[in-house]
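Novice: Okay, structure incoming, though there's no sequence with it:
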(Lines give C-alpha, C1' and ligand atoms only; values in the text may rest on other atoms or scores of the structure.)
Protein backbone atom coordinates (compact mmCIF):
# COMPACT_ATOMS: atom_id res chain seq x y z
CA UNK A 1 0.00 0.00 0.00
CA UNK A 2 2.75 2.44 0.98
CA UNK A 3 4.65 1.41 -2.12
CA UNK A 4 1.66 2.22 -4.27
CA UNK A 5 1.36 5.60 -2.58
CA UNK A 6 5.03 6.28 -3.19
CA UNK A 7 4.66 5.36 -6.85
CA UNK A 8 1.57 7.51 -7.32
CA UNK A 9 2.79 10.55 -5.37
CA UNK A 10 4.46 12.37 -8.29
CA UNK A 11 1.45 11.79 -10.58
CA UNK A 12 -0.92 13.04 -7.92
CA UNK A 13 1.09 16.22 -7.54
CA UNK A 14 1.16 16.78 -11.31
CA UNK A 15 -2.62 16.25 -11.53
CA UNK A 16 -3.15 18.69 -8.66
CA UNK A 17 -0.95 21.37 -10.24
CA UNK A 18 -2.63 20.95 -13.65
CA UNK A 19 -6.05 21.26 -12.06
CA UNK A 20 -5.02 24.44 -10.23
CA UNK A 21 -3.59 25.83 -13.45
CA UNK A 22 -6.77 25.08 -15.42
CA UNK A 23 -9.01 26.62 -12.79
CA UNK A 24 -6.82 29.69 -12.41
CA UNK A 25 -6.74 30.31 -16.18
CA UNK A 26 -10.51 30.10 -16.46
CA UNK A 27 -11.33 32.02 -13.32
CA UNK A 28 -9.00 34.93 -14.12
CA UNK A 29 -9.64 34.91 -17.83
CA UNK A 30 -5.96 34.74 -18.77
CA UNK A 31 -5.58 35.20 -22.53
CA UNK A 32 -4.54 31.97 -24.24
CA UNK A 33 -1.56 33.53 -26.06
CA UNK A 34 -0.13 34.48 -22.65
CA UNK A 35 -0.78 31.29 -20.73
CA UNK A 36 -2.97 28.60 -22.28
CA UNK A 37 -4.82 26.27 -19.90
CA UNK A 38 -3.71 22.60 -19.80
CA UNK A 39 -6.80 21.64 -21.78
CA UNK A 40 -5.64 23.83 -24.70
CA UNK A 41 -2.16 22.30 -24.50
CA UNK A 42 -3.69 18.82 -24.55
CA UNK A 43 -5.68 19.92 -27.60
CA UNK A 44 -2.52 21.11 -29.34
CA UNK A 45 -0.83 17.81 -28.48
CA UNK A 46 -3.76 15.91 -29.97
CA UNK A 47 -3.71 17.85 -33.27
CA UNK A 48 0.08 18.13 -33.61
CA UNK A 49 1.19 14.75 -32.30
CA UNK A 50 2.33 13.41 -35.67
CA UNK A 51 4.51 16.39 -36.54
CA UNK A 52 5.75 16.65 -32.93
CA UNK A 53 6.84 13.02 -32.98
CA UNK A 54 8.61 13.63 -36.29
CA UNK A 55 10.38 16.61 -34.77
CA UNK A 56 11.26 14.68 -31.62
CA UNK A 57 12.79 11.95 -33.76
CA UNK A 58 14.62 14.64 -35.75
CA UNK A 59 16.18 16.08 -32.58
CA UNK A 60 16.84 12.67 -31.06
CA UNK A 61 18.50 11.29 -34.18
CA UNK A 62 20.77 14.34 -34.44
CA UNK A 63 21.70 13.87 -30.78
CA UNK A 64 22.39 10.17 -31.29
CA UNK A 65 24.58 10.79 -34.33
CA UNK A 66 26.42 13.42 -32.27
CA UNK A 67 26.80 10.94 -29.42
CA UNK A 68 28.31 8.39 -31.80
CA UNK A 69 30.74 10.95 -33.22
CA UNK A 70 31.69 12.20 -29.74
CA UNK A 71 32.08 8.64 -28.48
CA UNK A 72 34.49 7.63 -31.24
CA UNK A 73 36.54 10.83 -31.03
CA UNK A 74 36.63 11.00 -27.22
CA UNK A 75 37.70 7.40 -26.78
CA UNK A 76 40.28 7.58 -29.54
CA UNK A 77 41.75 10.73 -28.02
CA UNK A 78 41.66 9.22 -24.53
CA UNK A 79 43.59 6.18 -25.77
CA UNK A 80 46.12 8.44 -27.46
CA UNK A 81 46.44 10.65 -24.39
CA UNK A 82 46.74 7.54 -22.23
CA UNK A 83 50.06 6.79 -23.91
CA UNK A 84 51.86 9.38 -21.84
CA UNK A 85 51.19 11.67 -18.86
CA UNK A 86 52.74 14.58 -20.79
CA UNK A 87 50.17 14.25 -23.56
CA UNK A 88 47.43 14.20 -20.97
CA UNK A 89 48.76 17.35 -19.33
CA UNK A 90 48.90 19.01 -22.71
CA UNK A 91 45.36 18.08 -23.73
CA UNK A 92 43.48 18.53 -20.44
CA UNK A 93 43.29 22.35 -20.34
CA UNK A 94 42.05 22.48 -23.94
CA UNK A 95 39.40 19.90 -23.19
CA UNK A 96 38.32 21.87 -20.14
CA UNK A 97 38.09 25.12 -22.10
CA UNK A 98 35.97 23.31 -24.67
CA UNK A 99 33.76 22.04 -21.89
CA UNK A 100 33.20 25.29 -20.02
CA UNK A 101 32.54 27.40 -23.12
CA UNK A 102 28.74 27.63 -23.44
CA UNK A 103 27.58 25.86 -26.56
CA UNK A 104 25.34 28.84 -27.42
CA UNK A 105 28.42 31.02 -27.67
CA UNK A 106 30.17 28.90 -30.28
CA UNK A 107 27.03 27.93 -32.16
CA UNK A 108 27.03 30.92 -34.59
CA UNK A 109 30.63 30.17 -35.50
CA UNK A 110 29.97 26.50 -36.15
CA UNK A 111 26.93 27.49 -38.19
CA UNK A 112 29.10 29.63 -40.45
CA UNK A 113 31.63 26.82 -40.88
CA UNK A 114 29.10 24.17 -41.68
CA UNK A 115 27.31 26.44 -44.16
CA UNK A 116 24.04 28.18 -43.41
CA UNK A 117 22.08 25.73 -45.54
CA UNK A 118 23.55 22.73 -43.69
CA UNK A 119 22.08 23.39 -40.27
CA UNK A 120 22.00 19.65 -39.60
CA UNK A 121 25.77 19.46 -39.68
CA UNK A 122 26.07 22.35 -37.28
CA UNK A 123 23.59 20.80 -34.89
CA UNK A 124 25.38 17.47 -34.90
CA UNK A 125 28.76 19.18 -34.43
CA UNK A 126 27.57 21.28 -31.52
CA UNK A 127 25.82 18.40 -29.79
CA UNK A 128 29.00 16.34 -30.29
CA UNK A 129 31.11 19.08 -28.69
CA UNK A 130 28.90 18.98 -25.60
CA UNK A 131 28.83 15.19 -25.47
CA UNK A 132 32.58 14.87 -25.94
CA UNK A 133 33.81 15.88 -22.53
CA UNK A 134 32.06 13.41 -20.21
CA UNK A 135 33.13 10.50 -22.41
CA UNK A 136 36.70 11.76 -22.74
CA UNK A 137 36.97 12.46 -19.05
CA UNK A 138 35.48 9.09 -18.13
CA UNK A 139 37.78 7.26 -20.53
CA UNK A 140 40.92 9.03 -19.28
CA UNK A 141 39.99 8.32 -15.66
CA UNK A 142 38.89 4.77 -16.44
CA UNK A 143 42.08 3.88 -18.26
CA UNK A 144 43.99 4.77 -15.10
CA UNK A 145 41.56 3.10 -12.73
CA UNK A 146 42.92 -0.43 -12.90
CA UNK A 147 43.61 -2.09 -9.55
CA UNK A 148 47.29 -1.31 -8.75
CA UNK A 149 47.81 -4.87 -7.52
CA UNK A 150 46.51 -6.20 -10.84
CA UNK A 151 48.96 -3.84 -12.55
CA UNK A 152 51.72 -5.41 -10.40
CA UNK A 153 50.55 -8.84 -11.43
CA UNK A 154 50.85 -7.82 -15.07
CA UNK A 155 54.38 -6.59 -14.30
CA UNK A 156 55.18 -9.86 -12.59
CA UNK A 157 54.15 -11.96 -15.58
CA UNK A 158 55.95 -9.66 -18.00
CA UNK A 159 52.85 -8.43 -19.86
CA UNK A 160 53.58 -6.21 -22.86
CA UNK A 161 51.89 -2.86 -23.49
CA UNK A 162 49.22 -4.26 -25.76
CA UNK A 163 48.28 -7.04 -23.32
CA UNK A 164 48.11 -4.50 -20.54
CA UNK A 165 45.84 -2.24 -22.57
CA UNK A 166 43.50 -4.94 -23.89
CA UNK A 167 43.35 -7.23 -20.88
CA UNK A 168 43.58 -4.76 -18.02
CA UNK A 169 43.12 -1.07 -18.75
CA UNK A 170 40.26 -1.19 -21.26
CA UNK A 171 38.15 -3.68 -19.30
CA UNK A 172 38.81 -1.72 -16.09
CA UNK A 173 37.54 1.42 -17.82
CA UNK A 174 34.15 -0.05 -18.74
CA UNK A 175 32.16 1.30 -15.74
CA UNK A 176 33.62 4.77 -16.33
CA UNK A 177 32.77 4.60 -20.03
CA UNK A 178 29.20 3.56 -19.27
CA UNK A 179 28.77 6.48 -16.88
CA UNK A 180 30.39 8.87 -19.36
CA UNK A 181 28.08 7.80 -22.18
CA UNK A 182 25.04 8.10 -19.95
CA UNK A 183 25.86 11.69 -19.06
CA UNK A 184 26.92 12.49 -22.62
CA UNK A 185 23.68 11.25 -24.18
CA UNK A 186 21.62 13.57 -21.99
CA UNK A 187 23.93 16.47 -22.82
CA UNK A 188 23.79 15.66 -26.53
CA UNK A 189 20.04 16.25 -26.57
CA UNK A 190 20.48 19.56 -24.75
CA UNK A 191 23.26 20.47 -27.19
CA UNK A 192 21.08 19.59 -30.19
CA UNK A 193 18.17 21.69 -28.90
CA UNK A 194 20.39 24.69 -28.16
CA UNK A 195 22.00 24.39 -31.59
CA UNK A 196 18.57 24.24 -33.24
CA UNK A 197 17.59 27.46 -31.51
CA UNK A 198 20.67 29.21 -32.84
CA UNK A 199 20.30 27.73 -36.31
CA UNK A 200 16.69 28.92 -36.42
CA UNK A 201 14.59 27.41 -39.17
CA UNK A 202 17.51 26.74 -41.50
CA UNK A 203 16.39 23.34 -42.71
CA UNK A 204 16.36 21.36 -39.48
CA UNK A 205 12.89 20.74 -38.08
CA UNK A 206 13.53 19.51 -34.57
CA UNK A 207 11.60 20.27 -31.42
CA UNK A 208 13.36 23.58 -30.82
CA UNK A 209 12.30 24.70 -34.27
CA UNK A 210 8.67 23.79 -33.40
CA UNK A 211 8.90 25.94 -30.30
CA UNK A 212 10.40 28.86 -32.24
CA UNK A 213 7.90 28.60 -35.02
CA UNK A 214 4.89 28.40 -32.73
CA UNK A 215 6.33 31.28 -30.69
CA UNK A 216 6.64 33.48 -33.77
CA UNK A 217 2.94 32.95 -34.44
CA UNK A 218 2.02 33.44 -30.78
CA UNK A 219 0.54 29.92 -30.70
CA UNK A 220 1.51 29.46 -27.09
CA UNK A 221 -0.38 26.19 -26.61
CA UNK A 222 1.68 24.63 -29.40
CA UNK A 223 4.86 25.92 -27.75
CA UNK A 224 3.83 24.14 -24.58
CA UNK A 225 2.96 21.00 -26.51
CA UNK A 226 6.47 20.91 -27.99
CA UNK A 227 7.93 21.52 -24.52
CA UNK A 228 5.93 18.62 -23.12
CA UNK A 229 7.28 16.34 -25.83
CA UNK A 230 10.80 17.60 -25.17
CA UNK A 231 10.41 16.89 -21.45
CA UNK A 232 9.05 13.41 -22.15
CA UNK A 233 11.88 12.74 -24.58
CA UNK A 234 14.39 13.68 -21.87
CA UNK A 235 12.67 11.55 -19.24
CA UNK A 236 12.45 8.50 -21.52
CA UNK A 237 16.05 8.92 -22.63
CA UNK A 238 17.17 9.19 -19.01
CA UNK A 239 15.29 6.01 -18.08
CA UNK A 240 16.70 4.12 -21.07
CA UNK A 241 20.24 5.26 -20.25
CA UNK A 242 19.93 4.31 -16.58
CA UNK A 243 18.68 0.88 -17.58
CA UNK A 244 21.45 0.62 -20.16
CA UNK A 245 24.12 1.49 -17.61
CA UNK A 246 22.75 -1.02 -15.12
CA UNK A 247 22.61 -3.73 -17.77
CA UNK A 248 26.16 -2.87 -18.87
CA UNK A 249 27.46 -3.10 -15.30
CA UNK A 250 25.63 -6.39 -14.79
CA UNK A 251 27.29 -7.76 -17.90
CA UNK A 252 30.69 -6.46 -16.79
CA UNK A 253 30.45 -7.76 -13.24
CA UNK A 254 28.43 -10.85 -14.09
CA UNK A 255 25.82 -9.98 -11.48
CA UNK B 1 70.70 -23.18 -2.67
CA UNK B 2 68.35 -20.22 -2.35
CA UNK B 3 65.53 -19.36 -4.70
CA UNK B 4 65.71 -15.71 -3.82
CA UNK B 5 68.01 -13.76 -1.56
CA UNK B 6 68.18 -10.19 -0.37
CA UNK B 7 71.56 -9.17 0.97
CA UNK B 8 71.93 -5.96 2.93
CA UNK B 9 69.21 -4.30 0.89
CA UNK B 10 67.97 -0.82 1.66
CA UNK B 11 64.95 0.83 0.09
CA UNK B 12 64.54 4.59 0.30
CA UNK B 13 61.32 6.33 -0.63
CA UNK B 14 60.96 10.11 -0.92
CA UNK B 15 59.41 10.18 2.55
CA UNK B 16 62.29 8.24 4.09
CA UNK B 17 63.75 4.78 4.39
CA UNK B 18 61.22 1.98 4.20
CA UNK B 19 63.47 -1.02 4.60
CA UNK B 20 66.94 -1.96 5.57
CA UNK B 21 69.53 -2.92 5.96
CA UNK B 22 67.73 -6.23 5.56
CA UNK B 23 68.88 -9.68 4.51
CA UNK B 24 66.84 -12.78 3.78
CA UNK B 25 67.57 -15.97 1.88
CA UNK B 26 64.72 -18.29 0.94
CA UNK B 27 65.76 -21.87 0.20
CA UNK B 28 64.21 -24.24 -2.36
CA UNK B 29 60.93 -25.59 -1.02
CA UNK B 30 61.20 -23.67 2.23
CA UNK B 31 58.37 -21.75 3.91
CA UNK B 32 59.43 -18.55 5.66
CA UNK B 33 57.08 -16.24 7.54
CA UNK B 34 57.69 -12.53 7.86
CA UNK B 35 55.88 -11.02 10.83
CA UNK B 36 56.00 -7.48 12.12
CA UNK B 37 53.98 -4.34 12.78
CA UNK B 38 52.41 -2.25 10.01
CA UNK B 39 54.90 -0.26 8.01
CA UNK B 40 57.86 -2.49 8.84
CA UNK B 41 58.65 -2.98 5.18
CA UNK B 42 57.23 -6.51 4.82
CA UNK B 43 55.46 -5.66 1.59
CA UNK B 44 58.52 -3.81 0.31
CA UNK B 45 60.61 -6.92 0.97
CA UNK B 46 58.01 -8.92 -0.99
CA UNK B 47 58.23 -6.60 -3.97
CA UNK B 48 62.02 -6.97 -3.95
CA UNK B 49 61.73 -10.77 -3.79
CA UNK B 50 59.23 -10.67 -6.67
CA UNK B 51 61.58 -8.51 -8.71
CA UNK B 52 58.87 -5.84 -8.99
CA UNK B 53 61.10 -3.22 -7.42
CA UNK B 54 64.85 -2.63 -7.19
CA UNK B 55 66.58 -1.76 -3.91
CA UNK B 56 68.28 1.59 -3.42
CA UNK B 57 71.34 -0.30 -2.14
CA UNK B 58 72.27 -3.91 -1.64
CA UNK B 59 71.72 -6.94 -3.81
CA UNK B 60 68.81 -9.08 -4.88
CA UNK B 61 69.55 -12.52 -6.27
CA UNK B 62 66.68 -14.42 -7.89
CA UNK B 63 66.79 -17.71 -9.74
CA UNK B 64 63.14 -18.09 -10.88
CA UNK B 65 62.53 -17.13 -14.48
CA UNK B 66 59.54 -15.34 -15.92
CA UNK B 67 56.30 -16.88 -14.71
CA UNK B 68 58.04 -18.86 -11.96
CA UNK B 69 57.26 -16.30 -9.27
CA UNK B 70 53.68 -15.85 -8.11
CA UNK B 71 52.14 -13.36 -5.69
CA UNK B 72 48.91 -13.49 -3.70
CA UNK B 73 47.86 -10.14 -2.30
CA UNK B 74 45.83 -9.17 0.74
CA UNK B 75 42.71 -8.78 -1.39
CA UNK B 76 41.92 -11.40 -4.04
CA UNK B 77 42.78 -8.86 -6.78
CA UNK B 78 40.63 -10.58 -9.37
CA UNK B 79 39.43 -9.01 -12.61
CA UNK B 80 35.67 -8.55 -12.03
CA UNK B 81 34.90 -8.91 -15.75
CA UNK B 82 36.50 -12.35 -16.00
CA UNK B 83 35.21 -15.73 -14.84
CA UNK B 84 37.09 -17.67 -12.16
CA UNK B 85 38.55 -19.78 -14.96
CA UNK B 86 39.72 -16.78 -17.00
CA UNK B 87 41.16 -15.16 -13.88
CA UNK B 88 43.12 -18.28 -13.02
CA UNK B 89 44.27 -18.61 -16.64
CA UNK B 90 45.52 -15.01 -16.83
CA UNK B 91 49.22 -15.73 -16.10
CA UNK B 92 49.24 -18.41 -18.81
CA UNK B 93 47.59 -16.18 -21.37
CA UNK B 94 50.06 -13.38 -20.64
CA UNK B 95 52.80 -15.92 -21.30
CA UNK B 96 51.21 -16.77 -24.66
CA UNK B 97 49.78 -20.17 -23.72
CA UNK B 98 46.84 -20.99 -26.00
CA UNK B 99 43.23 -20.60 -24.90
CA UNK B 100 42.19 -24.26 -24.64
CA UNK B 101 45.35 -25.36 -22.84
CA UNK B 102 45.24 -22.34 -20.54
CA UNK B 103 41.59 -23.09 -19.69
CA UNK B 104 42.34 -26.74 -18.97
CA UNK B 105 45.25 -25.86 -16.70
CA UNK B 106 43.18 -23.16 -14.99
CA UNK B 107 40.43 -25.71 -14.33
CA UNK B 108 42.99 -28.07 -12.79
CA UNK B 109 44.34 -25.26 -10.59
CA UNK B 110 40.79 -24.37 -9.50
CA UNK B 111 40.13 -28.03 -8.68
CA UNK B 112 43.31 -28.11 -6.56
CA UNK B 113 42.05 -25.23 -4.41
CA UNK B 114 38.64 -26.88 -4.05
CA UNK B 115 36.73 -24.80 -6.58
CA UNK B 116 35.77 -27.46 -9.11
CA UNK B 117 32.34 -26.48 -10.41
CA UNK B 118 32.85 -22.74 -9.86
CA UNK B 119 34.87 -22.19 -13.04
CA UNK B 120 32.28 -20.00 -14.74
CA UNK B 121 31.46 -17.85 -11.69
CA UNK B 122 32.41 -14.20 -11.64
CA UNK B 123 34.28 -12.77 -8.63
CA UNK B 124 31.18 -10.84 -7.55
CA UNK B 125 29.34 -14.14 -7.16
CA UNK B 126 32.00 -15.64 -4.89
CA UNK B 127 32.46 -15.32 -1.13
CA UNK B 128 35.64 -13.71 0.21
CA UNK B 129 37.18 -17.09 0.93
CA UNK B 130 36.30 -18.47 -2.50
CA UNK B 131 37.69 -15.37 -4.22
CA UNK B 132 40.92 -15.83 -2.28
CA UNK B 133 41.03 -19.44 -3.49
CA UNK B 134 40.71 -18.24 -7.10
CA UNK B 135 43.60 -15.90 -6.40
CA UNK B 136 45.57 -18.86 -5.05
CA UNK B 137 44.68 -20.94 -8.11
CA UNK B 138 45.93 -18.13 -10.33
CA UNK B 139 49.21 -18.13 -8.41
CA UNK B 140 49.56 -21.92 -8.67
CA UNK B 141 48.59 -22.22 -12.34
CA UNK B 142 52.15 -21.65 -13.56
CA UNK B 143 53.62 -24.10 -10.99
CA UNK B 144 55.78 -21.36 -9.49
CA UNK B 145 59.09 -22.04 -7.75
CA UNK B 146 58.60 -19.01 -5.52
CA UNK B 147 55.21 -18.18 -4.05
CA UNK B 148 54.85 -14.85 -2.25
CA UNK B 149 51.83 -14.57 0.02
CA UNK B 150 51.32 -10.98 1.17
CA UNK B 151 48.86 -11.17 4.10
CA UNK B 152 46.54 -13.32 2.00
CA UNK B 153 44.12 -14.13 4.83
CA UNK B 154 43.98 -10.69 6.45
CA UNK B 155 40.49 -9.87 5.18
CA UNK B 156 38.95 -13.26 6.02
CA UNK B 157 37.16 -14.56 9.10
CA UNK B 158 38.97 -16.86 11.54
CA UNK B 159 37.32 -20.10 10.39
CA UNK B 160 38.05 -19.42 6.71
CA UNK B 161 41.62 -18.39 7.60
CA UNK B 162 42.32 -21.66 9.36
CA UNK B 163 40.84 -23.75 6.55
CA UNK B 164 42.87 -21.82 3.95
CA UNK B 165 46.06 -22.08 6.01
CA UNK B 166 45.82 -25.88 5.99
CA UNK B 167 44.91 -25.87 2.30
CA UNK B 168 47.95 -23.77 1.44
CA UNK B 169 50.22 -26.14 3.37
CA UNK B 170 48.71 -29.16 1.61
CA UNK B 171 49.15 -27.50 -1.76
CA UNK B 172 52.73 -26.72 -0.84
CA UNK B 173 53.36 -30.37 0.01
CA UNK B 174 52.32 -31.39 -3.51
CA UNK B 175 54.79 -29.28 -5.50
CA UNK B 176 57.04 -27.76 -2.80
CA UNK B 177 57.49 -24.21 -4.05
CA UNK B 178 59.44 -21.88 -1.79
CA UNK B 179 56.91 -19.73 0.07
CA UNK B 180 57.34 -16.37 1.76
CA UNK B 181 54.34 -15.67 3.93
CA UNK B 182 53.77 -12.16 5.25
CA UNK B 183 51.37 -11.74 8.15
CA UNK B 184 50.39 -9.58 11.11
CA UNK B 185 49.44 -12.62 13.12
CA UNK B 186 52.05 -14.32 15.30
CA UNK B 187 50.04 -17.55 15.50
CA UNK B 188 49.63 -17.69 11.74
CA UNK B 189 53.32 -16.98 11.19
CA UNK B 190 54.32 -19.92 13.37
CA UNK B 191 51.65 -22.24 12.00
CA UNK B 192 52.55 -21.66 8.38
CA UNK B 193 56.34 -21.82 8.34
CA UNK B 194 59.47 -23.64 9.36
CA UNK B 195 61.15 -20.32 10.02
CA UNK B 196 59.73 -17.03 11.29
CA UNK B 197 61.55 -13.75 10.68
CA UNK B 198 60.47 -11.05 13.13
CA UNK B 199 60.71 -7.51 11.79
CA UNK B 200 60.43 -4.08 13.31
CA UNK B 201 59.74 -0.73 11.76
CA UNK B 202 61.36 2.64 11.38
CA UNK B 203 63.04 1.55 9.06
CA UNK B 204 62.20 -2.13 8.58
CA UNK B 205 64.82 -4.59 9.73
CA UNK B 206 65.13 -7.99 11.38
CA UNK B 207 64.82 -8.29 15.15
CA UNK B 208 65.37 -12.00 15.22
CA UNK B 209 64.43 -15.36 13.86
CA UNK B 210 62.63 -18.38 15.30
CA UNK B 211 63.05 -21.90 13.91
CA UNK B 212 59.71 -23.70 14.08
CA UNK B 213 59.81 -27.41 14.78
CA UNK B 214 57.10 -29.86 13.81
CA UNK B 215 55.90 -31.39 10.57
CA UNK B 216 54.50 -29.44 7.64
CA UNK B 217 51.61 -29.62 6.76
CA UNK B 218 50.50 -29.40 10.38
CA UNK B 219 48.83 -32.43 11.92
CA UNK B 220 45.41 -32.01 13.55
CA UNK B 221 45.63 -30.45 17.00
CA UNK B 222 48.98 -28.84 16.32
CA UNK B 223 47.71 -25.54 17.68
CA UNK B 224 47.24 -27.09 21.11
CA UNK B 225 50.74 -28.59 21.42
CA UNK B 226 53.18 -27.18 23.95
CA UNK B 227 55.88 -26.81 21.29
CA UNK B 228 53.57 -24.59 19.18
CA UNK B 229 52.67 -22.42 22.20
CA UNK B 230 56.35 -22.06 23.14
CA UNK B 231 57.28 -20.95 19.64
CA UNK B 232 54.39 -18.47 19.52
CA UNK B 233 55.63 -17.06 22.83
CA UNK B 234 59.17 -16.81 21.47
CA UNK B 235 57.99 -14.86 18.41
CA UNK B 236 55.81 -12.61 20.59
CA UNK B 237 58.78 -11.88 22.84
CA UNK B 238 60.90 -10.91 19.85
CA UNK B 239 58.12 -8.66 18.53
CA UNK B 240 57.86 -6.93 21.92
CA UNK B 241 61.62 -6.47 21.97
CA UNK B 242 61.49 -4.94 18.48
CA UNK B 243 58.73 -2.54 19.44
CA UNK B 244 60.58 -1.44 22.57
CA UNK B 245 63.89 -0.81 20.79
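Specialist: All right, it came through fine. Keep in mind that this is a model prediction, so the values were computed, not measured.

Novice: Roughly how far does the closest residue to chain B within chain A sit from residue A:178?
Specialist: Proximity to chain B, evaluated over chain A using Cβ to the nearest Cβ, is greatest for residue A:254 at 2.9 Å. Every residue, glycine included, has its C-beta placed from N, CA and C. In this view, residue A:254 and residue A:178 are 15 Å apart by Cβ to Cβ, to the nearest Å.

Novice: that's a strand at residue B:61, yeah?
Specialist: Yes - according to DSSP: H, G, I helix; E, B strand; the rest coil, residue B:61 belongs to a strand.

Novice: For it, give the beta-bridge partners.
Specialist: Judged by DSSP bridges, the bridge partners of residue B:61 are residue B:5.

Novice: Quick check, residue A:230 in contact with residue A:197.
Specialist: No - Residue A:230 is beyond contact range of residue A:197, at 11.8 Å (criterion: Cβ atoms under 8 Å).

Novice: higher neighbour count, these two?
Specialist: Applying other Cβ atoms under 10 Å in any protein chain shown to residue A:230 and residue A:197 shows that residue A:230 carries more neighbours, namely 21 against 16.

Novice: Reduced to three states, what does the more buried one come out as?
Specialist: Going by three-state DSSP: residue A:230 is helix.

Novice: Next up, the contacts around it.
Specialist: By Cβ atoms under 8 Å, 6 or more residues apart in numbering or on different chains, the contact list for residue A:230 reads A:56, A:59, A:193, A:207, A:211.

Novice: so what does the host helix or strand of the first one touch, helix or strand wise?
Specialist: Secondary structure from DSSP states H and E places residue A:56 in helix A:38-81. Helix A:38-81 is packed against helix A:2-28, helix A:85-100, helix A:119-143, helix A:170-199, helix A:207-216, helix A:220-253, with contacts defined by 3 or more Cβ pairs under 8 Å, 6 or more residues apart in numbering or on different chains; DSSP states H and E.

Novice: and the most centrally placed residue in chain A, how far is that from residue A:96?
Specialist: Nearest to the mean C-alpha position of chain A, counting by Cα atoms, centre = their mean, stands residue A:186 at 2.1 Å. Noted for residue A:186: a distance of 20 Å to residue A:96, by Cβ to Cβ.

Novice: same check, this time on residue A:162
Specialist: 30 Å.

Novice: Nearest residue to the middle of chain B?
Specialist: Taking Cα atoms, centre = their mean as the criterion, residue B:149 is the residue nearest the geometric centre of chain B, at 1.5 Å.

Novice: Give the bridge partners for that one, please.
Specialist: residue B:72, residue B:181.

Novice: give me every residue that touches it.
Specialist: When contacts are counted by Cβ under 8 Å, 6+ apart, residue B:149 touches B:71, B:72, B:168, B:179, B:180, B:181, B:182.

Novice: of the residues you listed, closest to residue B:39?
Specialist: Of all these, residue B:39 sits closest to residue B:182, with 12.7 Å by Cβ to Cβ.

Novice: Let's see the pLDDT reported for that closest one.
Specialist: Here, the pLDDT recorded for residue B:182 equals 94.

Novice: Could you tell me the phi and psi values at residue B:74?
Specialist: phi -60, psi -40 (degrees, to the nearest 10).

Novice: Report how many residues lie close to it.
Specialist: Counted with other Cβ under 10 Å, residue B:74 comes out at 16.

Novice: How much space separates it from residue A:147?
Specialist: 12 Å.

Novice: repeat for residue A:86
Specialist: 25 Å.

Novice: More neighbours: which of the two?
Specialist: Per other Cβ under 10 Å, whichever of residue A:86 and residue A:147 has more neighbours is residue A:147, with 16 against 9.

Novice: and the residue in chain B that chain A sits nearest to, what does it touch?
Specialist: Closest approach of chain B to chain A (Cβ to the nearest Cβ) occurs at residue B:122, with a separation of 2.9 Å. By Cβ under 8 Å, 6+ apart, the contact set of residue B:122 is A:253, A:254, A:255, B:80, B:81, B:82, B:83, B:84.

Novice: Just the pLDDT at the nearest residue to residue A:121 once chain neighbours are set aside, thanks.
Specialist: Leaving aside its chain neighbours, residue A:121 sits nearest to residue A:114 (3.9 Å; criterion: Cβ to Cβ, 6 or more residues apart in numbering or on different chains). As predicted, residue A:114 sits at a pLDDT of 86.
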